[in-house]
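Asks: Structure of the sequence below:
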Amino acid sequence: MAFKDLELIAPILVALNEEGYTTPTPIQAQSIPLVLQGRDLLGCAQTGTGKTAAFAIPILQLLYTKKTPTRGISTLILTPTRELAIQIDESFAAYGKHTRLSHTVIFGGVSQFNQVNILRRGVDILIATPGRLLDLMQQGYIDLRHLEIFVLDEADRMLDMGFINDVKKVITKLPAKRQTLFFSATMPPEIQSLANQLLTNPAKVEVTPVSSTVDAIEQSLYYVNKADKPDLLLHLLKNPDIKSALVFTRTKHGADKVVKILQRVNIHSAAIHGNKSQNARQNALNNFKDGTIRVLVATDIAARGIDIDDLSHVFNFELPNVPETYVHRIGRTGRAGNTGISISFCDAEERGELKDIQKVIGKMIPLIAEHPFAKNVTTQISTIAKPNNQRHFGGQGGNNHFSSKKSGTQRKTQNYGK
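Replies: All right, here's what the predicted structure looks like:
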């Protein structure tokens, strides 16, 4: 199937062609016709499956082909993080460049001045994070009475980040008659309950098992003492096949500490977390995308807000407390048909987290049994799990654990949206 087979209008097909997109991903192929029919949609899809385009493309077509223009904001996309909001806005700009539909993005952490000025001029599509949206609504700058389409993106992440009450406040301000599109990578009970409240006779699209990890991602595990983690990271980063690496830590302080360690040995890096200003975070992300820095160190605020087509490696410097977060972290690589590599460090204190992660993903993470710091590992770690598919660390030369190959299809014909 090609995008041209989905009965899309010429302005959108031209834009997709200019972006190099020819074939829809499974969630796009299933969702786009349903949204064009005006159906409510429950989409359960992990990160990296192309779901932004799955709702952006049909929304643009629905608004473009309307006989009577909407007075004010016709579509609201609510998303948990600033980075993700910006990327969704960029997607609407790319796919809708020939439609003349207006859109903007609002989020906290920056002055509201420019955002308010754009809103005053009027927009068709609004992409927002919950806090800033509620703030500007309370100030009278945003009126959602004429809203026709509501998209709740990354619903489970809203729950994880403590935004679910803000989401419920927004929902009370929406008109009862609307089309609702609901997307979540996982469906815990509270999110399922919210979906039941929001959706009317929804179509359901589920393209991958809940909480599964992308098959294209090669996962591996290192048992290592906590004190040896920095040295193990530096050792692995000596491999030239690691062109770009996203390193996850649990805390903001931990992220800054890892950056200092990397910079001491002249590895260009930067941290991105909640204490950084929006400009600093965006600059770090842009520098990572263009190759100015090789390593980006992040807390989980970035777990679903970073979309980099050619990211080769993800490192779990520290395992996450919430096992589903592991899925979202490693989903930053292996995107748009590419392969990717995930490397996780586990110390004795993280035994419980590892067990929970392996239970959620339904498989054992292959263990790298021999590495330069293995001899220092405390005996407690060996009780974490029975290591399946043990592999030895082969250095820089011959271990395909470090290869960063793409799939047989070239990226530009497989990069179908964010």
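
Asks: which residues touch Ala203?
Replies: For Ala203, the set of contacting residues under the criterion of CB atoms under 8 Å, 6 or more residues apart in numbering consists of Leu34, Arg39, Asp40, Leu41, Leu42. In this view, the C-beta of every residue, glycine as well, is placed from N, C-alpha and C.

Asks: give me the beta-bridge partners of it?
Replies: Residues found in beta-bridge contact with Ala203 (criterion: DSSP bridges) are Leu41.

Asks: quick one: pLDDT of it?
Replies: For Ala203, the pLDDT comes out at 96.

Asks: Let's have the contacts of Ala203 in TSV, adding pLDDT, neighbour count and distance to Gln192.
Replies: Formatted as TSV, the entries for those read as follows, by pLDDT from 0 to 100; neighbours: other CB atoms under 10 Å; distance: CB to CB, whole Å:
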residue	pLDDT	neighbour count	distance to Gln192
Leu34	97	19	20
Arg39	97	18	19
Asp40	98	20	15
Leu41	97	23	15
Leu42	96	22	9
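
Asks: with those residues in mind, which one is nearest to Ile142?
Replies: Sorting the contacts of Ala203 by distance to Ile142 puts Asp40 at the head of the list, at 23.0 Å, by CB to CB.

Asks: can you tell me how far the closest one sits from Thr49?
Replies: Shown here: Asp40 relative to Thr49, a distance of 20 Å by CB to CB, to the nearest Å.

Asks: Likewise for Leu159?
Replies: Distance, Leu159 to Thr49, using CB to CB: 20 Å.

Asks: With neighbour numbers in mind, choose between the two.
Replies: Between Leu159 and Thr49, counted using other CB atoms under 10 Å, the more crowded position is Thr49 (24 against 18).

Asks: residues near the residue lying closest to the more buried one once chain neighbours are set aside, how many?
Replies: Closest residue to Thr49 apart from its sequence neighbours, by CB to CB, 6 or more residues apart in numbering: Ile27 at 5.0 Å. Per other CB under 10 Å, the neighbour tally for Ile27 reads 26.

Asks: isn't Ile27 right next to Lys204, touching?
Replies: No. Taking CB atoms under 8 Å as the contact criterion, Ile27 and Lys204 are not neighbours in contact, 11.5 Å apart.

Asks: Now for the two: what residues contact both?
Replies: Among the neighbours of Ile27, those also in contact with Lys204 (CB under 8 Å, 6+ apart) are Gly43.

Asks: Domains in this protein, by residue range?
Replies: Per automatic domain parsing, the structural domains of the chain span 3-206, 217-407.

Asks: Assign Thr180 to helix, strand or coil.
Replies: Put simply, Thr180 is strand when judged by DSSP: H, G, I helix; E, B strand; the rest coil.

Asks: and it, what does it touch?
Replies: Going by CB under 8 Å, 6+ apart, the list of residues near Thr180 reads Asp40, Leu41, Ile149, Phe150, Val151, Leu152, Leu198, Leu199, Thr200, Pro202.

Asks: what's the closest of those to Leu62?
Replies: Distance to Leu62, by CB to CB, is smallest for Ile149 among the contacts of Thr180, at 7.1 Å.

Asks: Just give me the neighbour total for the nearest residue to that closest one once chain neighbours are set aside.
Replies: With CB to CB, 6+ apart as the criterion, Ile149 has its nearest non-adjacent residue at 4.3 Å, and that residue is Thr75. Taking other CB under 10 Å as the criterion, the count of residues near Thr75 is 27.

Asks: next one: His98
Replies: Per other CB under 10 Å, the neighbour tally for His98 reads 16.

Asks: Which pLDDT value belongs to it?
Replies: At His98, the model reports a pLDDT of 96.

Asks: and if you look at Ser404?
Replies: With respect to pLDDT, Ser404 scores 36.

Asks: ok, back up a step: adding distance to Asp241 as columns, could you present the contacts of Thr180 in CSV?
Replies: Formatted as CSV, those follow (distance: CB to CB, whole Å):
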residue, distance to Asp241
Asp40, 45
Leu41, 40
Ile149, 44
Phe150, 44
Val151, 38
Leu152, 39
Leu198, 45
Leu199, 45
Thr200, 50
Pro202, 44
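
Asks: between these, which is nearest Lys173?
Replies: Of all the contacts of Thr180, the one sitting nearest Lys173 is Phe150; the distance, using CB to CB, is 10.4 Å.

Asks: Please report phi then psi for that closest one.
Replies: Per-residue torsions, Phe150: phi -120, psi 130 (degrees, to the nearest 10).

Asks: Verify the contact between it and Leu76 for me.
Replies: Yes. At 5.3 Å, Phe150 counts as touching Leu76 under the criterion of CB under 8 Å.

Asks: where do the contact lists of these two overlap?
Replies: Listed as contacting both Phe150 and Leu76 by CB under 8 Å, 6+ apart are Leu174.

Asks: In terms of helices and strands, where is the residue nearest to Thr49?
Replies: Taking DSSP states H and E as the criterion, Ile27 maps to helix 26-36.

Asks: what does that helix rub up against?
Replies: Counting contacts by CB under 8 Å, 6+ apart, the residues touching helix 26-36 from outside are 1, 6-8, 24, 41, 43, 45, 49-51, 53-55, 57-59, 61-62, 179, 181, 203, 205, 207, 416-417.

Asks: Please report how far Ile77 lies from Lys177.
Replies: With distances taken as CB to CB, Ile77 is found 19 Å from Lys177.

Asks: do Asn196 as well
Replies: As for Asn196, its distance to Lys177 is 18 Å (criterion: CB to CB).

Asks: out of these two, which sits in the more crowded spot?
Replies: Between Asn196 and Lys177, Asn196 has the larger neighbour count (other CB under 10 Å), namely 11 against 8.

Asks: Under a three-state scheme, what state does that one occupy?
Replies: Secondary structure, three-state DSSP: Asn196 is helix.
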